[in-house]
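>>> Got a sequence here, can you model it:
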Amino acid sequence: MAFTDYSSLADLMASLGAKRAVYKRLSENDNSKQQIYMGSDFSFLTELPFGEITKYPDMKIPNFKAPVELWWINENGETAPAPDAQLILYPKYPEVRLSGFMRGCTTAPSGYMSPIPAEERGEKNSKDGRILILGITDQGRIYAYLAIKNSPVARSIPVDGFPDGNAGGTLLRFPLRSEAGNSRDQLISKLTEVNRMGWIESCRMDSKGNIMRYNARNGGGYTLEALFGIIPNGRAEPDFMGWELKAFTGNRITLMTPEPDSGFYREYGAKEFVLKYGHDTPDAIKYFTGTHKAGILNKTTSMTMEIRGFDTVKGTITDVSGGIFLIPPDGSEAAIWSFPVLLKHWSRKHSHACYVRYDSEIREGKTGFKYRDPVWLGEGTDFSLFLRAMSSGKIVYDPATKVILLKTGKTGIKARSQFRMNFKELGCLYTAFIEKTL
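Predicted coordinates:
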């Protein structure tokens, strides 16, 4: 088969399971040797799925690398994986590049991704007519197709792009026919429906998708997720069509809850961490709590939170081995959240975020919630914005971890590491933060 225009390619991508797509107009230096330049910051990472991030501090230019599940589509509609495809993140500049996308793939367009000889090159960074289209599935697979200069697909893509516009970094949005309206419209439509329902009894979904009553304090978030058909899980992925739903009732918002991946906490576990660093209470519960701001001693825990390896002035990571450190008086490392862990979590969960305020109300002994109008939409973020906000004290580490002494003599543990900020400060995390009336 030969693609007659962009819509025929879109149809194939949709049939392969792609739910959204993006594209980039390539330059001469976008090739298999120099890699494909994706963006001058990490905002691009909010658009494409990727695997675990690994740090490489000993390279000539220290960097992070993350695998991507990339499959090439050829002119016959055949697909095959590119097993070595990966993203390389260079925090020094910063920039992100796609690498290893040709090796070992039988359907890759090798003849059109080779470096151009010096005598044949045009103006540096000139657009050469090639267009890279990437279709993305909900399972994290990326289908790639290269439209060469003057091909039917390349000619059919508008010079000024499609209506949805920029998708982060150098990427632009590419429409798929499988999309029934854009995700924002569908999100607002569903939220309007929820708002008009009024009081809703607290509930949640079980692992099989059945709705069940739920009476815990965090029922507001679970109930909203249940109304959207979302089964609770621990995956760092958005909730609904690429949008992260954040239900809140007070002014302090929980942004994310990643557990430390290094330090005493990781080595010995949350229980031993609380037993060593927590404070006792009369009710046989030992807590580790307290608002921790960067560079300020917390009087409750006697710990100081430090951000190491980040230049707050330039907004760049200077040490790929850095992260957020919790330091007790003896100078040891009680808990560490490394940059790779935080970077992946933030990029996957906050590219598009919707904040929904709710009220709690008890009726006939049953707890329920009303979801209010308006809602707030945050779009376009970058990990450096998170680190800047944390450096300035706008984002705090506010744990709620406890060890309970049970009547049997054994102990129970509830671990919750929370990064939080006040609602009025949220705008600093996004390039666009708007109030939307339902």
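>>> how about the strands in the stretch 201-350 of the chain?
Secondary structure of the stretch 201-350 of the chain, counting by DSSP state E, counting those that start in this stretch: strands at 203-205, 211-213, 244-248, 252-256, 279-280, 285-289, 297-298, 303-308, 310-311, 316-317, 323-327, 335-338.
>>> May I see these arranged in TSV, with mean pLDDT as well?
Shown next, in TSV, are those (pLDDT from 0 to 100):
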stretch	mean pLDDT
strand 203-205	93
strand 211-213	93
strand 244-248	93
strand 252-256	93
strand 279-280	88
strand 285-289	93
strand 297-298	97
strand 303-308	98
strand 310-311	95
strand 316-317	92
strand 323-327	98
strand 335-338	98
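>>> and Asn74, which of the ones you listed is closest to it?
strand 244-248 (35.4 Å; C-beta to C-beta). C-beta here means a position set from N, CA and C on the backbone, and glycine is covered the same way.
>>> what comes into contact with the closest one?
With C-beta atoms under 8 Å, 6 or more residues apart in numbering as the test, strand 244-248 has contacts from 220-221, 223-225, 228, 230, 238-239, 253-254, 349-350, 352-358, 371, 423.
>>> of these, buried ones?
Neighbour counting by 16 or more other C-beta atoms under 10 Å classes 220-221, 223-225, 228, 230, 238-239, 253-254, 349-350, 352-358, 371 among the contacts of strand 244-248 as buried.
>>> picking that back up, can you redo the strands of the stretch 201-350 of the chain as a markdown table with distance to Val403?
Output for the strands of the stretch 201-350 of the chain, formatted as a markdown table (distance: least, C-beta to C-beta, whole Å):
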| stretch | distance to Val403 |
| --- | --- |
| strand 203-205 | 26 |
| strand 211-213 | 28 |
| strand 244-248 | 27 |
| strand 252-256 | 21 |
| strand 279-280 | 10 |
| strand 285-289 | 5 |
| strand 297-298 | 19 |
| strand 303-308 | 17 |
| strand 310-311 | 32 |
| strand 316-317 | 34 |
| strand 323-327 | 17 |
| strand 335-338 | 16 |
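>>> Go through these and name the closest to Asn76.
strand 244-248 (38.3 Å).
>>> pull the CA atoms of the closest one into CSV?
Taking C-alpha atoms only, strand 244-248 is exported to CSV below (Å, rounded to 0.1, in the frame of the first residue of the first chain):
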residue,chain,number,x,y,z
GLU,A,244,-4.2,14.0,35.4
LEU,A,245,-7.2,14.6,37.7
LYS,A,246,-6.4,16.4,41.0
ALA,A,247,-9.4,16.6,43.3
PHE,A,248,-8.8,18.9,46.3
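>>> so what strands line up beside that strand?
According to DSSP bridges, strand 244-248 forms sheet pairs with strand 352-363 (parallel).
>>> contacting residues around the strand it pairs with?
46, 183-184, 187, 191, 199, 220, 224, 238, 242-249, 253, 367-372, 375-379, 381, 423, 426, 430.
>>> Which of those are buried, as a ChimeraX select command?
The following ChimeraX line selects those of the contacts of strand 352-363 that are buried, judged by 16+ other C-beta under 10 Å:
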select :46,183,184,187,191,220,224,238,242,243,244,245,246,247,248,253,367,368,369,370,371,375,376,377,378,379,381,426,430
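>>> Tell me which residues of the host helix or strand of Asn195 come out buried.
Per DSSP states H and E: Asn195 is located in helix 183-196. Using 16+ other C-beta under 10 Å as the test for burial, helix 183-196 gives 183-184, 187-188, 190-191, 194-195.
>>> Output those in JSON lines; the columns should cover distance to Thr291 and pLDDT.
Listed next are these as JSON lines, based on distance: C-beta to C-beta, whole Å; pLDDT from 0 to 100:
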{"residue": "Ser183", "distance to Thr291": "35", "pLDDT": "78"}
{"residue": "Arg184", "distance to Thr291": "34", "pLDDT": "84"}
{"residue": "Leu187", "distance to Thr291": "32", "pLDDT": "93"}
{"residue": "Ile188", "distance to Thr291": "34", "pLDDT": "95"}
{"residue": "Lys190", "distance to Thr291": "34", "pLDDT": "95"}
{"residue": "Leu191", "distance to Thr291": "31", "pLDDT": "97"}
{"residue": "Val194", "distance to Thr291": "32", "pLDDT": "97"}
{"residue": "Asn195", "distance to Thr291": "32", "pLDDT": "97"}
